[in-house]
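Undergrad: mind folding the following:
(chains A and B)
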Protein chains: 2
Amino acid sequence: MNILPSHWYNIVPDLPKPLPPPRDPEDDYIFSRIELLPKLFPSELLDQEFTAERYIQIPGEVLDAYRRIGRPTPLVRAVNLERLLNTPARIYFKREDLSPTGSHKINTALAQAYYAKKEGVQMLTTETSAGQWGSALACACAMFDIRCLVFMTRSSYIRKPYRRILMKLYGADVVPSPSDRTEIGRRLLMENQEHPGSLGIAISEAVETCMKDGSAKYAVGSVMNFVLLHQTVIGLETMRQLEEIGEIPDVMIGCVGGGSNFSGFIFPFIGNRLKDGDFKNTEFIAVESKASPKMTEGSYIYEHGDTAGYLPMLKMYTVGRSYVPPPIHAAGLRYHAAAPILSLLIKEGLVKAVAYTQEEVLEAARVFARVEGIVPAPETAHAVKQAIVEAEHCRRRNLKKTIILCFSGHGLLDLSVFEEYGTY
Amino acid sequence: MNILPSHWYNIVPDLPKPLPPPRDPEDDYIFSRIELLPKLFPSELLDQEFTAERYIQIPGEVLDAYRRIGRPTPLVRAVNLERLLNTPARIYFKREDLSPTGSHKINTALAQAYYAKKEGVQMLTTETSAGQWGSALACACAMFDIRCLVFMTRSSYIRKPYRRILMKLYGADVVPSPSDRTEIGRRLLMENQEHPGSLGIAISEAVETCMKDGSAKYAVGSVMNFVLLHQTVIGLETMRQLEEIGEIPDVMIGCVGGGSNFSGFIFPFIGNRLKDGDFKNTEFIAVESKASPKMTEGSYIYEHGDTAGYLPMLKMYTVGRSYVPPPIHAAGLRYHAAAPILSLLIKEGLVKAVAYTQEEVLEAARVFARVEGIVPAPETAHAVKQAIVEAEHCRRRNLKKTIILCFSGHGLLDLSVFEEYGTY
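TA: Here you go, the predicted structure:
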């Protein structure tokens, strides 16, 4: 069987209710954020954002790139973890950590770089904090030979040298944000030369760059429909791999920052349930950090995707775009909201959400690393924690469930977290 | 075809001349190093060290472990690199970087941990500097549930926190060397509390531990015959993968510190040439660092494998065990000698050796990362450099050669090197 799919799957036409469209703000209306979108994104990506087509063909060049970075990725049974937990459950993990930059982010980065190159865009620009997204985009831009400008929050620029070096090695221009490249950056630097920056400021700098430079576009690592669409390559592969070994998932688990790895992992399964009635007994569990509990404690309202409010409002579960989470190290889960499609599925009761503390998930990561040999990223550790909780439940009730988790990335560039928390 | 082999291949019975046996020193004879070996190594490993059997069955538990850490590893064509170099050559790389600790070292670590566990050994102990070997052994010990004590040179312990944290996360006891755990360590600490340590001192501490603690054995990352034997899993897989795609290698390239990844990669091919006359036009090229040029400038003499001289003398190409290489960052290539079997093959003209500077190889690594997306380890970069040299030669002469390189590890935990050398 060919595991790598030829098409991405768009869940929008199969949703139980229409997806609420993006909106301009009513009170704070300085300019239309929706009219700004064509300045920010390549037109084929905007088409994908709003399409009602169910299947979108993956371009040959992107398929080639997927193969080169190791797709299809393996689905592996965590035999040693099962043994340690003495559980009758079977636990599988989908290894998105095997990509060159160590996470699933490359799945959409390659697609965005390809469409940008095809439309003659000279440069992609984006923001990054932890650096997972920035390094995936830098890698993709190198592979498609297109320039890349990354605004990295100054605090991370200083504290995360490895990610910064990795992006530069790929040829990206990496600048600490706020920077002197933009008006908003210069203004903030005037106030404080050592400004630590924030994701919101970095987004603003990237967006401002595109507004002023017609040859540049903006690349985005999560939340938007087309990003989730590209990530369905994870779930489509998983579905074929499960078919091959004759397994039907009882529980599917993933961590949620903006929601792209989890959405890409589960949408093909939820889509089959909605269309054909398959997987109707499968539970879908989204795991977030208690430090940014949008799905378990937030509101389902219209909210900007960025802190500054430059991007359109989307209907999402959110803790508010001005919410400042306490410092946690799973930086990829600090985002204030969950992607609109995922939020709708939570609202409709198709996806369940749970939250854990940093200490709980790092301990789960330690256990996993010791028995399976692979160190999960702090973000991925949230999914690992929930898999362990499920497997322990199965032990107590003697349930032979099949548990599948999306192993979104490895923690080799985040090892200092384990030391800071004393998790050995 | 089943790519993962069922047996390791032992080249010793097929060598063109008998392998010179290990020897005790004549002048500096305080104790017999050869009689010490059974105290240091599990008996099955010592049997493998001296066996004349051509094929050694890989135990089922080790095969299972190989599968869990991602074996068989992919053999990938570097299409983008070929395009960049505009070469008619085809370049393939064998991805040993995909293991959980990022290098080929795990192939022997798993075998050594398995045999130790089987023979009731309570703890394995070893030395590490860069940390590639130490983290592979820590991972293997975690997977086979055996204690692990790593003596890490104090300078690396301080300068390489990520590798140290990784080993601790796997549950290993990691101590800066010289340490207060051994007599030699305490003596050196008395002289200098901040002693930076050396690989030689760390080996001495590990060996002393085994001499005093009958439940502990010593694990070794390269040089010895049984280590090279375990690494033949790389070459055996590569041979089957080449058969599947109908390629015959014209050039096979690998980097050499002690020689284990390169030996494991080429021995099955050289063995077939010696036995059956296959691969008689294949060139085998060992690449070393100009900072430790044992193969290109050293002598083929009897020499201790360790700096302190606790281990038996072996006939090897060496720059002398007291040679202190200038500081280079490919720490894995600082070793003073090349493994005895590899040295014999060089002496007999079956393997050619070349050397490069750190600057040359880091630039090659940068080029590779930009087009293929994967960052080579500084050690691996030596093999990448030679592959580029070969491919450029093919362009000038219009030769359609098939070039295969052993991609021994990734550089994600060594990224600071690129910054120190300004290689962006």
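Undergrad: where do the helices sit along the stretch 151-300 of chain A?
TA: For the stretch 151-300 of chain A, the helices defined by DSSP state H, counting those that start in this stretch cover A:154-159, A:161-169, A:183-191, A:199-212, A:225-245, A:260-276, A:294-297.
Undergrad: now these as JSON lines including mean neighbour count, mean pLDDT and distance to chain B?
TA: From N, CA and C alone the C-beta is placed, and that goes for glycine too. What follows is those, written out as JSON lines (neighbours: other C-beta atoms under 10 Å in any protein chain shown; pLDDT from 0 to 100; distance: least, C-beta to the nearest C-beta, whole Å):
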{"stretch": "helix A:154-159", "mean neighbour count": "18", "mean pLDDT": "89", "distance to chain B": "13"}
{"stretch": "helix A:161-169", "mean neighbour count": "23", "mean pLDDT": "94", "distance to chain B": "4"}
{"stretch": "helix A:183-191", "mean neighbour count": "15", "mean pLDDT": "93", "distance to chain B": "22"}
{"stretch": "helix A:199-212", "mean neighbour count": "22", "mean pLDDT": "90", "distance to chain B": "21"}
{"stretch": "helix A:225-245", "mean neighbour count": "23", "mean pLDDT": "98", "distance to chain B": "14"}
{"stretch": "helix A:260-276", "mean neighbour count": "24", "mean pLDDT": "97", "distance to chain B": "19"}
{"stretch": "helix A:294-297", "mean neighbour count": "21", "mean pLDDT": "97", "distance to chain B": "29"}
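Undergrad: which stretch among those comes nearest A:Gly131?
TA: helix A:161-169 (2.8 Å; C-beta to C-beta).
Undergrad: hey, C-alpha coordinates of that closest one in PDB?
TA: The C-alpha trace of helix A:161-169 is given here as PDB (Å, rounded to 0.1, in the frame of the first residue of the first chain):
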ATOM      1  CA  PRO A 161      21.200  29.800  20.600                       C
ATOM      2  CA  TYR A 162      20.900  26.400  19.000                       C
ATOM      3  CA  ARG A 163      17.600  27.100  17.200                       C
ATOM      4  CA  ARG A 164      19.000  30.500  16.100                       C
ATOM      5  CA  ILE A 165      22.200  28.900  14.700                       C
ATOM      6  CA  LEU A 166      20.100  26.200  13.000                       C
ATOM      7  CA  MET A 167      18.000  28.800  11.100                       C
ATOM      8  CA  LYS A 168      21.100  30.700  10.100                       C
ATOM      9  CA  LEU A 169      22.800  27.500   8.900                       C
END
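Undergrad: that one to helix B:161-169, inter-axis angle?
TA: Relative orientation of helix A:161-169 and helix B:161-169, computed by axes from the mean of the first three to the mean of the last three C-alpha atoms, to 10 degrees: 130 degrees.
Undergrad: output the contacting helices and strands for helix A:161-169.
TA: Packing partners of helix A:161-169 (3 or more C-beta pairs under 8 Å, 6 or more residues apart in numbering or on different chains; DSSP states H and E): helix A:132-143, strand A:147-153, helix A:154-159, strand A:173-177, helix B:358-372, helix B:416-420.
Undergrad: how does it look with 6 Å?
TA: On a contact count with 3 or more C-beta pairs under 6 Å, 6 or more residues apart in numbering or on different chains; DSSP states H and E, helix A:161-169 meets helix A:132-143, strand A:173-177, helix B:416-420.
Undergrad: so where's the stretch 1-150 of chain A shaky on pLDDT?
TA: For the stretch 1-150 of chain A, the stretches with pLDDT under 70 are A:28-29.
Undergrad: residue boundaries of the helices in it?
TA: Going by DSSP H, counting those that start in this stretch, the stretch 1-150 of chain A shows helices at A:33-40, A:43-50, A:60-68, A:79-85, A:106-118, A:132-143.
Undergrad: so which of those helices is nearest B:Ala89?
TA: Smallest distance to B:Ala89 across the helices of the stretch 1-150 of chain A (C-beta to C-beta): 18.0 Å, for helix A:60-68.
Undergrad: list the contacts of that closest one.
TA: Residues outside helix A:60-68 that contact it (C-beta atoms under 6 Å, 6 or more residues apart in numbering or on different chains): A:Leu110, A:Ala111, A:Tyr114, A:Met143.
Undergrad: can I get the helices of the stretch 1-150 of chain A in TSV with mean neighbour count and distance to B:Leu63?
TA: Converted to TSV, the helices of the stretch 1-150 of chain A look like this (neighbours: other C-beta atoms under 10 Å in any protein chain shown; distance: least, C-beta to C-beta, whole Å):
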stretch	mean neighbour count	distance to B:Leu63
helix A:33-40	16	51
helix A:43-50	17	44
helix A:60-68	18	27
helix A:79-85	17	13
helix A:106-118	27	31
helix A:132-143	30	33
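Undergrad: would you reformat those as TSV and include distance to B:Val287?
TA: Formatted as TSV, the helices of the stretch 1-150 of chain A follow (distance: least, C-beta to C-beta, whole Å):
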stretch	distance to B:Val287
helix A:33-40	46
helix A:43-50	43
helix A:60-68	24
helix A:79-85	36
helix A:106-118	29
helix A:132-143	25
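Undergrad: closest one to B:Lys118 among these?
TA: Nearest to B:Lys118, of all the helices of the stretch 1-150 of chain A, is helix A:79-85, at 17.4 Å by C-beta to C-beta.
Undergrad: show me what the closest one is packed up against.
TA: Right, helix A:79-85 is packed against helix A:358-372 by 3+ C-beta pairs under 6 Å, 6+ apart.
Undergrad: how distant is the helix it packs on from the center of its chain?
TA: Chain-centre distance of helix A:358-372: 21 Å, with C-alpha atoms, centre = their mean, to the nearest Å.
Undergrad: may I see the buried residues of that helix?
TA: Going by neighbour count (16 or more other C-beta atoms under 10 Å in any protein chain shown), the buried part of helix A:358-372 is A:358, A:360-372.
Undergrad: quick one on the thing from earlier: could you work out the most separated pair of the contacts of helix A:60-68?
TA: Farthest pair in the contacts of helix A:60-68 (C-beta to C-beta) is A:Ala111 and A:Met143. Separation: 11.7 Å.
Undergrad: please consider this matter closed, and thank you.
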